[in-house]
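Asks: My questions concern the predicted model and sequence given below.
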Amino acid sequence: CSTCVGCGGLIQDQFILRVSPDLSWHAACLKCCECHMMLDENHTCFVRDGKTFCKKDYIRLYGARCSACQTVFTKNDFVMRAKTKMFHLECFRCAACRRHLVPGDEFALHGDGIYC
């Protein structure tokens, strides 16, 4: 028998949900730790630091964000990278003059800003 991470009880059910190698759950106990939505075959489960999340909350908390507007990137966004920073194409602008920078433009990264 395994112990359920959600309720702490023994799992004697026919099915045990193993979210990661060391996390076992009763099917009725596997929920998002933020919104408490049930995570099942219809809702993807994400794990971080031993906590379970639905896709929406995981992306909201841990998704990659634009360094300029702080909005989480979607799968359809095109991005520009400057070292460890990522920007929406529209947000990739000079911090001083606000000129839109495009691939091939020379720029410098200084602090949190990019400059032409």
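Replies: On my side now, so go ahead. Residues are numbered from 1 along each chain as shown.

Asks: Run through the strands of the protein in chain order.
Replies: Using DSSP state E, the strands of the chain run over 2-3, 10-11, 17-20, 23-25, 45-48, 51-54, 79-82, 85-88, 108-110, 113-115.

Asks: would you turn those into TSV with distance to residue 70?
Replies: (Glycine included, C-beta is placed from N, CA and C.) Shown next, in TSV, are the strands of the chain (distance: least, C-beta to C-beta, whole Å):
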stretch	distance to residue 70
strand 2-3	39
strand 10-11	41
strand 17-20	29
strand 23-25	31
strand 45-48	20
strand 51-54	20
strand 79-82	14
strand 85-88	11
strand 108-110	17
strand 113-115	14
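
Asks: Mind telling me which of those the model trusts least?
Replies: Ranked by mean pLDDT, these end with strand 17-20 at the bottom, a mean of 77.

Asks: could you say what helices and strands that strand packs with?
Replies: strand 23-25, strand 45-48 (3 or more C-beta pairs under 8 Å, 6 or more residues apart in numbering; DSSP states H and E).

Asks: Distance from the chain centre to the shortest one, please.
Replies: Spelled out, that is strand 23-25. Relative to its parent chain, strand 23-25 has a centroid offset of 21 Å by C-alpha atoms, centre = their mean, to the nearest Å.
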